[in-house]
Structure formats: structure tokens, C-alpha cells
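In: pasting a predicted model and its sequence here:
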Amino acid sequence: MSKPVLRKSLLLSARTSWLAWRNGLLASPRFQRFAARCWLTRPIARARARGLFDLVAGFVYSQTLAACIATGLLDRLGDGPQTCDALAAQIDVPPEGTLRLLRAAAALRLVERLGDAWVVGSAGAALRGNGGIAEMVAHHGLLYADLADPVALLRRGGGGGALAGYWGYAEAPGAGDAESVAPYSRLMAASQPLVAAQTLDAYRFARHRRMLDIGGGEGGFVESVAARVPTLELAVFDLPAVVARARARFAAAGLGGRTSIHGGSFRSDPVPQGYDLITLVRVLHDHDDSVALALLRAIRAALPPGGRLLIAEPMAQTPGAEPAGDAYFGLYLLAMGSGRPRAPAEIRAMLHTAGFARSRLLPTALPITCRVVVAEA
Ligand SMILES: CC(C)=CCC/C(C)=C/CC/C(C)=C/C=C/C(C)=C/C=C/C=C(C)/C=C/C=C(C)/C=C/C=C(C)/C=C/CC(C)(C)O
Ligand SMILES: C[S@@+](CC[C@H](N)C(=O)[O-])C[C@H]1O[C@@H](n2cnc3c(N)ncnc32)[C@H](O)[C@@H]1O
């Protein structure tokens with residue numbers, strides 16, 4: 001056995017022993033009782049118990065939030081303080097039910113008591129400041145239905161449920177009509193500013209002349225870039241029924257002269273050429289490895305020498321945000337029926353395989369919402 005292999009195997013066996021010892025201790029009711037009573041370990045024990053309780057009960061918190069959004073309770077409180085009785089009449093829930101909801105929401109900092117009335121709480125205020133989150137919560141009903149039996153979902157390899165139906169247009173023959181693409185495109189457009197803000201702060205778009213946003217939906221990201229970088233010519237490539245929405249949006253925003261529209265499928269149509277920057281915003285993670293790699297290869301072939309590809313999306317193994325990438329998006333994409341969240345290192349390895357010379361991860365202010373990898377052809 002070579003020295004590095006021996007070293008690796010010794011380290012692995014030391015770590016295995018340590019983890020077995022640690023887990024035995026943490027599982028022991030005697031140790032748990034001792035840690036909760038001893039003044040030195042009590043804060044840690046309480047924090048761990050709280051963390052575990054949140055994990056066990058998190059779906060109830062999410063459903064409390066869902067009720068606040070569905071009834072419009074948060075928006076109503078956004079207009080000013082309200083009593084429970086006044087709110088009850090507006091949201092069509094009996095006063096006892098409204099009070100129960102308000103108390104639950106207060107525990108989650110969504111609302112706050114102010115004398116005899118109620119106002120928006122600190123978490124509620126942050127949520128109201130990010131429009132797209134409320135829409136995300138509203139569409140979680142679909143994911144919630146699919147996750148009612150998570151083991152069945154895992155056993156059947158994902159898809160086949162409510163969320164897959166919502167998304168199905170991209171796989172459908174003809175790739176969707178105006179009616180079937182509308183709900184999803186609207187949802188993506190509503191949540192797009194969260195991602196655009198991070199991406200625009202992370203990368204200097206002004207260094208480019210012509211940008212193509214592949215899978216750009218109804219053009220929300222292109223519109224944000226247009227507002228930040230007046231010199232850039234912009235284009236969007238998406239399924240024909242989706243880009244029809246982008247065309248209307250650009251015309252309404254007075255961007256018709258600065259933007260081009262390409263309708264097609266990157267599964268079967270060539271990637272348009274003539275752009276020195278191509279972007280994939282919340283697109284790569286939607287696809288299984290074979291489709292994702294074929295797309296990266298096609299983009300590499302379409303870029304001029306020195307041209308760049310920018311990938312922006314939530315990623316796996318994000319320090320401090322592991323549950324968002326690996327748990328939330330891992331199960332979301334499973335329910336959707338294709339794709340997976342990838343770690344930056346995996347994306348960079350795929351970029352290398354696709355023929356990109358260099359790539360790097362750029363820092364973003366809120367990596368939980370989006371990370372950015374840029375690659376050079
Ligand atoms: C004022 C005083 C007293 C003190 C100030 C202290 C201080 C500095 C406080 C900071 C307050 C502050 C600025 C808070 C900011 C909070 C923010 C920005 C919160 C943002 C939260 C974002 C969330 C929760 C985002 C959720 C996003 C979701 C769930 C996205 C889902 C996306 C999906 C499903 C996308 C699907 C696309 C597909 C199919 C995968 O491709
Ligand atoms: C998650 S959405 C992201 C939309 C937008 N980039 C954003 O961040 O809001 C994925 C987009 O990829 C598009 N898409 C899916 N399959 C496609 C295909 N085969 N060819 C072109 N676009 C496709 C969808 O229509 C959708 O607009």
C-alpha cells in the first residue's frame with residue numbers, strides 16, 4: 001500500500017471510530033439528561049433540542065406561513081395595525097381561528113402583537129420585501145402534495161406527481177402552449193429579482209457586448225441586466241410559447257430595439273451564435289447530467305474564443321446553506337422529475353468536460369438564493 005493510500009485509510013478509520021463514539025454519546029438518554037442539567041452544556045443542549053424540534057415540526061411552520069399568505073393576512077397587516085376581530089372579518093376565518101393563526105405566526109416572527117392589535121413581524125417584513133417568496137410559498141401546495149409520501153417518491157425515482165404536471169410543458173410534444181406555460185413563467189418572473197440582484201452584483205456584465213440568456217423565461221433577467229448595463233445588446237432563448245411572453249414584456253418595457261428573441265428548444269435546436277456572453281440562470285439544475293452536459297457542449301461550440309458562460313443558480317454543498325441546496329432543491333427537483341442541485345466543483349468539472357478552458361466560482365452576498373460560476377471558452 002502506498003504512503004498516501006495508507007494515510008487516507010488511517011484517517012478514515014480514525015474518523016469512523018470518532019463518529020461512532022460521538023453518536024453513541026449523543027443518543028444516550030443519560031448523557032442527554034446530564035447535558036441539559038449541567039450549566040456548562042445546558043445552552044448547547046437547549047439549542048440542539050430546539051434545532052431537532054424545528055426539524056421535526058418544520059412542516060407545521062411552513063403551513064402556518066402558507067395560511068398567512070393564502071388568507072392575505074400579511075398584506076393586510078402591511079397596511080397598518082389591525083385587531084384580531086377586524087382581521088377575522090376580512091380573511092373569513094372565525095375570530096378563534098384567526099387568533100390561533102396570529103399566535104402561531106407571532107411565534108415564527110411573521111407577525112407581532114402591538115397592544116390590542118397586530119402588526120407585521122421581523123420575518124414577515126423581510127418576506128414582504130422579497131415579492132417572489134410569497135408566490136413560491138403559494139405554489140408549494142404542489143410540492144407538499146408530492147412529499148406526503150416521500151419514500152414512495154424516492155422509490156419511483158421522482159416525477160409523476162403534482163409538481164411534475166406543473167412543469168410538464170417543457171417535455172411535452174410541441175413544448176407547451178401559451179396557456180400551459182403561463183403559470184410557471186409568471187412564478188419564475190416573480191422570483192427572478194432575488195436571483196438577478198445577486199448575479200448582477202457578482203459579475204461585471206459591462207465587459208461584454210452581446211448577451212444571450214438561455215432558458216431566460218419571459219425575460220425578467222434580461223430586463224434587470226438592461227437596467228444595470230445600458231451598453232449591452234440582449235437576447236433571450238426559450239421555448240416558443242415562453243419567448244412569446246418575453247416579446248410582449250420587452251415591448252411593454254420599451255426594450256424592443258435592444259433585444260432579440262430566439263424561440264426553440266436547446267434539446268433539438270442549435271444555440272444561437274454571435275454572443276460573447278451566454279447566461280444560464282436557474283436552468284442547469286433542472287436537467288439530468290446527459291442533457292446538462294450536451295447543453296454546455298453546445299454553448300461552448302457557440303461561443304467565440306474568449307467568450308464566457310455564466311451559470312447562476314442555487315447550488316449543493318453551499319456552506320451555511322446546505323439544507324437549501326441539498327434538501328430543498330434536492331427534493332424539489334426529484335418531485336419535478338428531472339435535474340439535481342450540483343456543487344460548484346461538479347459544475348466546474350462538467351464545464352471542463354464540455355471544453356471550457358477555465359472556470360471559477362464568484363462570491364455572492366446571499367449564496368442561499370444563488371451562486372455564480374463563470375467559465376471561459
Ligand atoms: C432594524 C434592526 C433593529 C436591526 C437590523 C439587524 C439587521 C442587519 C437585520 C438584517 C435584516 C435583513 C436585511 C434581512 C434580509 C433577509 C432576506 C434577504 C431574506 C431572504 C430570504 C429569501 C428566501 C427565504 C428565499 C426563498 C426562496 C425560495 C423558496 C426559492 C424557491 C425557488 C424555486 C422553487 C425555483 C424553482 C426553479 C427550478 C424549477 C428549480 O428551476
Ligand atoms: C427554472 S426556469 C428559469 C427561468 C429564468 N431563467 C429565471 O431564472 O427566472 C427554466 C426555464 O428553462 C426553459 N426551458 C426548459 N426546457 C427548455 C428547452 N428545452 N429549451 C429552451 N428552454 C427551455 C423553461 O421554459 C424555463 O423558462
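Out: Happy to help now that I have it. Ligands and ions are numbered 1, 2, ... in the order given.
In: where exactly do the strands run in the stretch 251-377 of the chain?
Out: Using DSSP state E, counting those that start in this stretch, the strands found in the stretch 251-377 of the chain span residues 259-263, 277-281, 308-313, 358-362, 371-376.
In: what is the neighbour count of W167?
Out: Number of residues near W167 (other C-beta atoms under 10 Å) recorded here: 18. For the C-beta atoms, the positions are set from N, CA and C on the backbone; glycine is no exception.
In: tell me how many other residues surround the closest residue in space to it that isn't next to it in sequence.
Out: Closest residue to W167 apart from its sequence neighbours, by C-beta to C-beta, 6 or more residues apart in numbering: M336 at 5.2 Å. When neighbours are defined as other C-beta under 10 Å, M336 has 23 of them.
In: what ranges do the strands span in the stretch 101-250 of the chain?
Out: 111-114, 117-120, 210-214, 233-238.
In: and R7, which of these is closest to it?
Out: Closest approach to R7 among the strands of the stretch 101-250 of the chain is made by strand 210-214 (44.4 Å; C-beta to C-beta).
In: ok, is that closest one in contact with ligand 2 or not?
Out: No: residues of strand 210-214 are not located near ligand 2 by C-beta under 6 Å from any ligand atom, the shortest gap being 6.6 Å.
In: what does stretch 266-273 give?
Out: Yes: among the residues of stretch 266-273, F266, R267 lie within reach of ligand 2 under C-beta under 6 Å from any ligand atom.
In: got CSV for the strands of the stretch 251-377 of the chain, with distance to T98, mean pLDDT and mean neighbour count too?
Out: Shown next, in CSV, are those (distance: least, C-beta to C-beta, whole Å; pLDDT from 0 to 100; neighbours: other C-beta atoms under 10 Å):
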stretch, distance to T98, mean pLDDT, mean neighbour count
strand 259-263, 47, 97, 19
strand 277-281, 40, 98, 25
strand 308-313, 39, 98, 24
strand 358-362, 46, 98, 15
strand 371-376, 40, 98, 22
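In: quick one: closest of these to H208.
Out: Shortest separation from H208 across the strands of the stretch 251-377 of the chain is recorded for strand 277-281, at 4.0 Å, computed as C-beta to C-beta.
In: residues in the stretch 201-350 of the chain within reach of ligand 2, list them.
Out: 215-217, 220-221, 238-239, 242, 265-267, 281-283, 286.
In: which two from those residues end up farthest apart in space?
Out: Greatest spatial distance in those: G220 and R267, 22.5 Å, computed using C-beta to C-beta.
In: filter the residues of the stretch 201-350 of the chain next to ligand 2 to the buried ones?
Out: Among these, those buried by neighbour count (16 or more other C-beta atoms under 10 Å) are 215-217, 220-221, 238-239, 242, 266, 281-283, 286.
In: need the contact list for the closest residue to ligand 2 within the stretch 151-300 of the chain.
Out: Nearest to ligand 2, among the residues of the stretch 151-300 of the chain, is G215, at 3.0 Å (C-beta to the nearest ligand atom). Residues near G215 by C-beta atoms under 8 Å, 6 or more residues apart in numbering: F237, D238, F266, L280, V281, R282, V283, D286.
In: let's have the strands of the stretch 101-250 of the chain in a markdown table, adding distance to ligand 1.
Out: Output for these, formatted as a markdown table (distance: least, C-beta to the nearest ligand atom, whole Å):
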| stretch | distance to ligand 1 |
| --- | --- |
| strand 111-114 | 12 |
| strand 117-120 | 13 |
| strand 210-214 | 13 |
| strand 233-238 | 13 |
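In: tell me which of these approaches E179 most closely.
Out: Proximity to E179 (C-beta to C-beta) singles out strand 233-238 among those, at 16.3 Å.
In: how far away is P272 from A106?
Out: 52 Å (C-beta to C-beta, to the nearest Å).
In: returning to what we had before: dump the strands of the stretch 101-250 of the chain into TSV; add mean pLDDT as well.
Out: Formatted as TSV, the strands of the stretch 101-250 of the chain follow (pLDDT from 0 to 100):
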stretch	mean pLDDT
strand 111-114	98
strand 117-120	98
strand 210-214	98
strand 233-238	97
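In: and the pLDDT at the closest residue in space to G165 that isn't next to it in sequence?
Out: In space, G165 comes closest to L142 once its chain neighbours are excluded; the distance is 7.9 Å by C-beta to C-beta, 6+ apart. Confidence at L142, expressed as pLDDT, is 96.
In: make sure L142 is actually in contact with G168.
Out: No: with contact defined as C-beta atoms under 8 Å, L142 does not reach G168; the gap is 11.8 Å.
In: comparing those two, which residue is more hemmed in?
Out: More crowded of L142 and G168, by other C-beta under 10 Å: L142, with 18 against 15.
In: quick one: mean pLDDT for the helix ranked longest in the chain?
Out: Criterion DSSP state H: the longest helix present in the chain is helix 42-70. Average pLDDT, helix 42-70: 97.
In: residues in the stretch 101-250 of the chain within reach of ligand 1, list them.
Out: Close to ligand 1, as judged by C-beta under 6 Å from any ligand atom, the stretch 101-250 of the chain has residues A126, N130, I133, M136, S191.
In: excluding sequence neighbours, find me the nearest residue to the last one.
Out: In other words, S191. Nearest residue to S191 in three dimensions, chain neighbours excluded: G132, at 3.1 Å (C-beta to C-beta, 6+ apart).
In: for the stretch 101-250 of the chain, give me the ranges with low pLDDT.
Out: Within the stretch 101-250 of the chain, the ranges that satisfy pLDDT under 70 run 169-176.
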